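**Q** Sequence and computational prediction follow.
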Amino acid sequence: MNSLFRLILVAALGYGIYVVLFGTPDLKAPAQVEIPKGAGVSDIAAKLKDADVIRSKFGFEALVWIMRASSKLQAGEYKFEQKDFSLADVVRILTQGLGAINEREITVIEGWGVDNIGAYLEQQGMGTKREFFEVAGKECKMQNEKCKMVNEFDFLKDKPASVGLEGYLFPDTYRVAKSAKAEEMVRVMLENFDKKLTEEMRKDIAAQGNSIFDIVRMASIVEKEVPHEEDRPVIAGILWKRLDIGMALQADSTLNYATGGKNAALTNDEVKIDSPYNTYKYRGLPPGPIGNPGLSAIRAAIYPRHTAYLYFLSGKDGKTYFGKTLDEHNQNKANYLR
C-alpha cells in the first residue's frame, strides 16, 4: 500500500512539474503578443510569460531546444485565443507563423486634409509625408508616374489635372497590411470613395448639372463649417443658393485652409487676403476641396435642404443659428458670438 501511495505521489508530482514547465494556462481573454525581429528565445519566452500564454519560461526554452526550433521562431504579432493548446502548439505557432497578425488598423478622420493624413501615416511608420504628398497632394498630377492610379477611377475624370486627390481620400477605419506604404493607402481610400458614391448618387449629381468635383468641393466646405449632421443639408442649401444668386460663399473654412489657421471668426485683415480660396473676395467654389469629407457631408452636398435662410453661424454654445436676412444674421452674431 505504501509502495502504491509512493507511486501515486511520484506520478502526481511528475505531472505537476510537467504542467508547470510544459503546460499552458487557461487564457482569461485573447492575448496579443508582438515578437520583434531578432528577439532571442529568452526574450520571446518572457513576452509569452508576461501575456500568460505559457506557465514557464524554462519549459518554453527547453522545448524549443528539444524541438531544435530556436532559429525558426518568426517575428510578428500573434493573437492567442482562449482555448486548449499545449506548449508544443505555441512553439509550432511561432515557428510556422500561424495566426500572425500582419495587418494594422488605420483611422482617417472626417475633414482631415492631405497634410493631416500624411503626418498621421508618417507617425504610423507608413513612409514620409513627402512620399504621401507625391501620390495624393498637389504634386500628384495626371502625368505623374506615381499617380497612374488616377486614371483607374471614373469619379476622378472631371478633376482638373492641377488638383491633387484631396477630397477623394475617404475618411474611414481601414485594415491594411503592416507593410503598406503611401501608394497602397491612397488606393484603398480611393476604392472606398468609389464604393460610397453609389450609382444613384452619381446619376443625381449629373441630373443636377453638377460634376463630382463640384460636389466634393462643396462637401469639403460643409464638413468644415458645421459638425452636426442634421444641420449639414441646410448649410449646403444655403451655400448652393449663394452660388445661384451670384453671392460670394463667404466661408471662413476656405480662408482658414489658405492660411493654415483655425479661426472661428476671421479678422478684417484676414478677409482681405488675396487667395483663390478666399471666398469672401472671390465668388464661386474654391479651386479645390479643402479637406476630405465624410459621407454625411457628401450626401448633404448632393441632397441639400432648400430653405428661406441665406445666413448661418456657429454660436459659442456649439449650436448653428440661421438667418433669412443680413439683419437677422447680425442679430445672431450679437446674441451668440459674444
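**A** Perfect, thanks for sending it.

**Q** could you measure E270 against A258, distance?
**A** Using CB to CB, to the nearest Å, E270 is found at 9 Å from A258. Every C-beta, even on glycine, is put in place using the N, C-alpha and C of the backbone.

**Q** The nearest residue in space to G288 that is not next to it in sequence: what's it in contact with?
**A** Take G288 and drop its neighbours on the chain: the residue closest to it by CB to CB, 6 or more residues apart in numbering is V163, 4.3 Å away. Contact analysis of V163 by CB atoms under 8 Å, 6 or more residues apart in numbering lists K138, F213, P287, G288, P289.

**Q** and V163, that's in a helix?
**A** No. Under DSSP: H, G, I helix; E, B strand; the rest coil, V163 sits outside any helix and is assigned coil.

**Q** Okay, it and L255: tell me how far apart.
**A** Look at V163 and L255: by CB to CB, they are 18 Å apart.

**Q** And K262, what's its pLDDT?
**A** pLDDT for K262: 66.

**Q** now swap in the one 5 residues further on and tell me
**A** Among the per-residue scores, T267 shows a pLDDT of 70.

**Q** Mind putting the contacts of V163 into JSON lines with distance to E77?
**A** Shown next, in JSON lines, are those (distance: CB to CB, whole Å):
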{"residue": "K138", "distance to E77": "36"}
{"residue": "F213", "distance to E77": "40"}
{"residue": "P287", "distance to E77": "43"}
{"residue": "G288", "distance to E77": "38"}
{"residue": "P289", "distance to E77": "36"}
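
**Q** And those, which two are furthest apart?
**A** Of all pairs drawn from the contacts of V163, the greatest distance, 14.9 Å, lies between K138 and F213 (CB to CB).

**Q** So for these two, which sits in the more crowded spot?
**A** Set side by side, K138 and F213 show more neighbours around F213, with 21 against 13, by other CB atoms under 10 Å.

**Q** What values do phi and psi take at the more buried one?
**A** Backbone torsions of F213, given as degrees, to the nearest 10, read phi -60, psi -40.

**Q** how is the protein carved up into domains?
**A** When the chain is parsed with automatic domain parsing, its domains come out as 2-101, 104-196, 209-307.

**Q** I'd like the ones you listed laid out as a markdown table, including distance to Q331.
**A** As requested, the domains of the chain are arranged in a markdown table below (distance: least, CB to CB, whole Å):
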| stretch | distance to Q331 |
| --- | --- |
| domain 2-101 | 57 |
| domain 104-196 | 29 |
| domain 209-307 | 16 |
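
**Q** rank those by pLDDT, which is bottom?
**A** Of all these, domain 2-101 carries the lowest average pLDDT, namely a mean of 76.

**Q** which ones are touching Q250?
**A** R242, T279, Y280.

**Q** Find the helix or strand that it is a member of.
**A** Assigned by DSSP states H and E, Q250 belongs to no helix or strand.

**Q** CA-only coordinates of stretch 205-225, as PDB, when you get a sec.
**A** Output of stretch 205-225 as PDB, limited to C-alpha atoms (Å, rounded to 0.1, in the frame of the first residue of the first chain):
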ATOM      1  CA  ILE A 205     -25.300  64.700 -59.500                       C
ATOM      2  CA  ALA A 206     -25.400  64.600 -63.300                       C
ATOM      3  CA  ALA A 207     -29.100  65.400 -63.300                       C
ATOM      4  CA  GLN A 208     -28.400  68.500 -61.200                       C
ATOM      5  CA  GLY A 209     -25.900  69.700 -63.800                       C
ATOM      6  CA  ASN A 210     -23.000  69.400 -61.300                       C
ATOM      7  CA  SER A 211     -19.800  67.500 -61.500                       C
ATOM      8  CA  ILE A 212     -18.400  65.100 -58.900                       C
ATOM      9  CA  PHE A 213     -15.600  67.600 -58.500                       C
ATOM     10  CA  ASP A 214     -18.200  70.300 -57.700                       C
ATOM     11  CA  ILE A 215     -19.900  68.100 -55.100                       C
ATOM     12  CA  VAL A 216     -16.600  67.100 -53.400                       C
ATOM     13  CA  ARG A 217     -15.600  70.800 -53.200                       C
ATOM     14  CA  MET A 218     -18.900  71.700 -51.700                       C
ATOM     15  CA  ALA A 219     -18.900  68.700 -49.300                       C
ATOM     16  CA  SER A 220     -15.500  69.600 -48.100                       C
ATOM     17  CA  ILE A 221     -16.700  73.100 -47.100                       C
ATOM     18  CA  VAL A 222     -19.900  71.700 -45.400                       C
ATOM     19  CA  GLU A 223     -17.700  69.200 -43.500                       C
ATOM     20  CA  LYS A 224     -15.600  72.000 -42.000                       C
ATOM     21  CA  GLU A 225     -18.400  74.600 -41.500                       C
END
